[in-house]
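[1] My questions are about this predicted structure, shown below with the sequence.
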Amino acid sequence: MAFAFFCCCSYAQIDASGNTTAIGLGATSTSSDYKFSYQANSIAHYGLGWYGDSDFSGGPMAYLSGYGGIKLFTAGIPRLNINNNGYVGIGTANPSGVLDIWRPASNGIVTRIGTNFDSGQALDIKAIQSSSGNGYYSFDASASVGGWQKIIIPVGNVGIGTTSPPYKLSVKSAYSALYLETTNSTTGLPLADFYDTGRSVETIISSTDETTSGTYMASYSNTPLMFGTNAVSSPTAKMIILPNGNVAIGSSDPKGYKLAVNGAIHTQEVKVDMTGWNDYVFDKTYPLKSLSLVKSYIDENHHLPEIPSEAEVIKNGVNIGEMLKLQIKKIEELTLYVIDKDKQLAEQNIKLSDQQQSIKSQQAQIDELKAQLKAIVKSLPQN
């Protein structure tokens, strides 16, 4: 910015109160009404001068002062205003902050920051007014890949890469759209924190649960953590983790279990931890019921002893671990029955063998008696 001053007469003085019309620059009076002291320099309240400045070593600096403020004009219009409180206004005569920038046109670039505007290495801050009357601010930053990248703020919504953000923050990109990074790997604070004041529900995403490193997502509000699909047409959670850690899939109620699944499960292996087993069945003192008692129980109840009935299974389901334990117990009891029957059969076989030997011996004796009788009859005289 260049300043040119042409004076054809002697300087007229003007004091801090604005008395006396100014027809020139500077003041010859040493009164404090006309001058003030700055870095040992006597500066006119209204004036232009060149002074040595301790803040700058490159040579004298130009001092332009105006006690009530300073206005810079082009084409007869004030373009820059500096009020006596130090507020700077560009495009406005009444700046409301340290720097207040207004563009008089309805849209376009308000501020441009950069080193090479021709090659697009710049930051544009625009105030845009649409034909419908809705306006927004556009922060456009140049980039070597993908052209100009945008941050749009219309009516409170913020858009990055889009001029029509439907939400408070909308990100649109042909590449990775959102990147969050924390530089303190020792903290347990969340990388992202989502809080709904209306429902008092808070959900966080972090890289640790303060014990183990990894992707960690949790509810902070003693409320369930829910996962769903088809959020637009059917916004119903498909999996729920309750505050106590119980998980329900296909249902909202795990019914007190750590995992409840409303549907079929396909797996290659299931391992169930047990607190006991049925080895006591083979103890010599185990009271094995007689088969006659078992038969009587079946005739009356229509299921094996200790095995739940059909009605109980339909009502309460089946505890796989306990049912397996009972099934093994019944197999073991059945094995004892088979062993006992095998023992009885062996004993019967021995008895049968003895009987067969006895019959064989008796038959030999009969055959011998028959022979003797036949010999006696033959020796008798014939009539």
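    Yep, that arrived.
[2] And for residue 202, the neighbour number?
    17 (other CB atoms under 10 Å). (C-beta placed from N, C-alpha, C; glycine too.)
[3] meant to ask about residue 83, not that
    17.
[4] ok, the nearest residue to it once chain neighbours are set aside - contacts?
    Using CB to CB, 6 or more residues apart in numbering and skipping the chain neighbours, the partner closest in space to residue 83 is residue 69 (4.8 Å). Contact analysis of residue 69 by CB atoms under 8 Å, 6 or more residues apart in numbering lists 81, 82, 83, 84.
[5] Quick check on these: which are buried?
    Buried by 16 or more other CB atoms under 10 Å: 81, 82, 83, out of these.
[6] quick one: the second one is in a strand?
    Yes: in this structure, residue 82 lies within a strand as judged by DSSP: H, G, I helix; E, B strand; the rest coil.
[7] Excluding chain neighbours, what is closest to it?
    Counting by CB to CB, 6+ apart, the residue nearest residue 82 is residue 70, at 4.4 Å.
[8] Centre of the chain to stretch 245-265, how far?
    21 Å (CA atoms, centre = their mean, to the nearest Å).
[9] Between the two ends of it, what distance do you get?
    20 Å (CA to CA, to the nearest Å).
[10] What residues sit buried inside that stretch?
    Quick answer for stretch 245-265 (16+ other CB under 10 Å): 246, 247, 248, 249, 254, 260.
[11] got a list of contacts for it?
    237, 238, 239, 240, 241, 242.
[12] okay but residue 330 is in contact with residue 294, surely?
    No: counting by CB atoms under 8 Å, residue 330 sits too far from residue 294 to count as a contact (10.1 Å).
[13] At which residues are the helices of the stretch 251-383 of the chain located?
    For the stretch 251-383 of the chain, the helices defined by DSSP state H, counting those that start in this stretch cover 291-301, 310-316, 320-379.
[14] Quick check: phi and psi on residue 37?
    phi -100, psi 130 (degrees, to the nearest 10).
[15] what sits against the nearest residue to residue 222 once chain neighbours are set aside?
    With sequence-adjacent residues excluded and distances taken as CB to CB, 6+ apart, residue 222 is closest to residue 243, at 5.1 Å. Neighbour list for residue 243: 219, 222, 223, 224 [criterion: CB under 8 Å, 6+ apart].
[16] Show me those that map onto strands.
    residue 219 (DSSP state E).
[17] From the contacts of residue 243, keep the buried residues only.
    The buried subset of the contacts of residue 243 - by 16+ other CB under 10 Å - is 219, 224.
[18] Restricted to helices, list the contacts of residue 243.
    The helices, defined by DSSP state H, take in nothing from the contacts of residue 243.
[19] and the two most separated of the contacts of residue 243?
    Spanning the widest gap among the contacts of residue 243 are 222 and 224, at 9.2 Å by CB to CB.
[20] wait, which of the contacts of residue 243 is closest to residue 205?
    residue 219 (11.2 Å).
[21] Got the confidence number for that closest one?
    Note for residue 219: predicted pLDDT of 85.
[22] check contacts around the residue lying closest to it once chain neighbours are set aside.
    In this structure, residue 219 finds its nearest non-sequential neighbour in residue 225, 4.7 Å apart by CB to CB, 6+ apart. Shown in contact with residue 225 (CB under 8 Å, 6+ apart): 203, 217, 218, 219, 240, 241.
[23] now with 10 Å?
    If a contact means CB atoms under 10 Å, 6 or more residues apart in numbering, then residue 225 has 203, 217, 218, 219, 237, 239, 240, 241, 242, 243, 247 as its contacts.
[24] before we move on, what about residue 74?
    residue 80.
[25] show me where pLDDT drops low in the stretch 1-150 of the chain?
    The stretch 1-150 of the chain contains residues with pLDDT under 70 at 1-30, 104-150.
[26] 80 instead?
    1-34, 58, 103-150 (pLDDT under 80).
[27] Surely residue 55 is in contact with residue 39?
    Yes: between residue 55 and residue 39 a contact is recorded at 8.1 Å, counting by CB atoms under 10 Å.
[28] With neighbour numbers in mind, choose between these two.
    Shown here are residue 55 and residue 39; by other CB under 10 Å, residue 39 has more neighbours (11 against 6).
[29] pretty sure the more buried one contacts residue 54?
    Yes: between residue 39 and residue 54 there is a contact under CB under 10 Å: 5.7 Å.
[30] Just checking: what are the partner strands of the longest strand along the chain?
    For the chain, the strand with the greatest residue count under DSSP E is strand 56-66. Sheet partners assigned to strand 56-66 using DSSP bridges are listed as strand 46-53 (antiparallel).
[31] If you count neighbours, what's buried in the strand it pairs with?
    For strand 46-53, by 16+ other CB under 10 Å, it's 46, 47, 48, 49, 53.
[32] Skip the chain neighbours and tell me the closest residue to the fourth one.
    Put plainly, it is residue 49. residue 63 (5.2 Å).
[33] State the mean pLDDT of the host helix or strand of residue 205.
    Using DSSP states H and E, residue 205 maps to strand 201-208. The pLDDT scores in strand 201-208 average 84.
[34] So in that sheet, which strands flank that strand, and in what orientation?
    strand 192-196 (antiparallel), strand 213-219 (antiparallel).
[35] I'd guessed the residue nearest to residue 49 sits against residue 47; true?
    Yes: Residue 63 is within contact range of residue 47, at 7.6 Å (criterion: CB under 10 Å).
[36] Roughly how far does the residue nearest to residue 222 sit from residue 228?
    Residue 243 sits 18 Å away from residue 228, going by CB to CB, to the nearest Å.
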